[in-house]
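# structure of the sequence below:
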Amino acid sequence: VPDSALALGTAVISGYMISAKLPKLRQWLRNHLPLQKLKPLLETLKRVRTALGGAPVVRVLPNTPMLIGMGVSVICRAPDVDPADFAFVSAMFEASGSVTVIDEAEMNRIISVTSSSPAYVFAFIDAICRGATAQGLDGDALLPAVCDMVIGSATLLRDGGLTPAEQISRVTSKGGTTER
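Numbers count the residues shown, from 1 in each chain. The predicted structure follows:
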């Protein structure tokens with residue numbers, strides 16, 4: 001696993017992603033790089049580079065929807081990362097969703113926006129289903145419909161050309177359930 005693997009090997013990726021998706025690469029990295037168990041969300045490029053003996057580093061923060069090809073991975077890179085290597089790492093994550101490139105200074109702040117947010121969406125869906133159950137409906141049976149509503153609403157917001165506030169006003173009837 002030569003140069004292209006080394007490019008990926010210099011990327012700091014959440015451990016479960018390497019172990020779940022790239023076992024051969026993980027083994028190659030263990031054999032060829034002095035990797036320690038890092039906490040990628042808390043480490044800076046500088047600290048990771050130091051731990052890797054000065055290797056160029058791409059920092060990647062994926063989220064769990066990448067497991068079904070609909071994830072968002074946020075990436076940043078050290079200045080000395082070769083553009084071809086950066087393109088390789090970006091393309092690997094684009095295969096599982098979208099990639100957003102940011103400055104490292106934004107990395108820890110973006111966790112709640114892209115990485116933790118699936119849990120917020122899951123909690124929102126759970127609350128809707130529990131609310132349905134509290135009203136005497138079968139909340140478990142309604143889970144697929146609620147998920148479809150969330151997917152449809154998110155797609156409409158992303159592709160509809162209106163702001164969240166404008167989309168809310170399109171749903172809200174004066175004095176109706178949504179407004180109350």
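
# and the longest strand for this structure?
Ordering each strand of the chain by length in residues (DSSP state E) puts strand 71-77 first.

# residue ranges of the helices in the protein, please?
Using DSSP state H, the helices of the chain run over residues 3-9, 15-21, 23-32, 45-51, 83-94, 107-110, 117-134, 143-159, 164-171.

# closest one to residue 61 among those helices?
Between residue 61 and the helices of the chain, the shortest separation by C-beta to C-beta is 6.5 Å, and it involves helix 107-110. In short, each C-beta sits where N, CA and C put it, glycine included.

# could you list every helix and strand in contact with that closest one?
On a contact count with 3 or more C-beta pairs under 8 Å, 6 or more residues apart in numbering; DSSP states H and E, helix 107-110 meets strand 58-61, strand 71-77.

# which secondary structure elements does the longest one contact?
I take that to be strand 71-77. Packed next to strand 71-77, using 3+ C-beta pairs under 8 Å, 6+ apart, are strand 58-61, helix 83-94, strand 97-101, helix 107-110.

# need the residue closest to the centroid of this protein.
Geometric centre of the chain, nearest residue: residue 63, 2.6 Å, by C-alpha atoms, centre = their mean.

# next one: residue 91, what pLDDT does it get?
Residue 91 is assigned a predicted lDDT (pLDDT) of 89.

# among the helices of the chain, which is nearest residue 178?
When those are ranked by proximity to residue 178, the top entry is helix 164-171, at 5.6 Å, counting by C-beta to C-beta.

# how far off helix 143-159 does that closest one point, in degrees?
Helix 164-171 and helix 143-159 meet at an angle of 120 degrees, taking axes from the mean of the first three to the mean of the last three C-alpha atoms, to 10 degrees as the criterion.

# which residue is the nearest non-sequential neighbour of residue 167?
What sits nearest to residue 167 in space, not counting adjacent residues and going by C-beta to C-beta, 6 or more residues apart in numbering, is residue 157, at 5.6 Å.

# residue 74 contacts residue 61, doesn't it?
Yes - counting by C-beta atoms under 8 Å, a contact exists between residue 74 and residue 61, whose distance comes to 4.5 Å.

# mind listing the shared neighbours of the two?
When contacts are counted by C-beta atoms under 8 Å, 6 or more residues apart in numbering, the set common to residue 74 and residue 61 consists of 107, 110, 114-115.

# who's in contact with the closest residue in space to residue 133 that isn't next to it in sequence?
Closest residue in space to residue 133, ignoring its immediate chain neighbours: residue 139 at 3.7 Å, by C-beta to C-beta, 6+ apart. Going by C-beta under 8 Å, 6+ apart, residue 139 touches 128-133.
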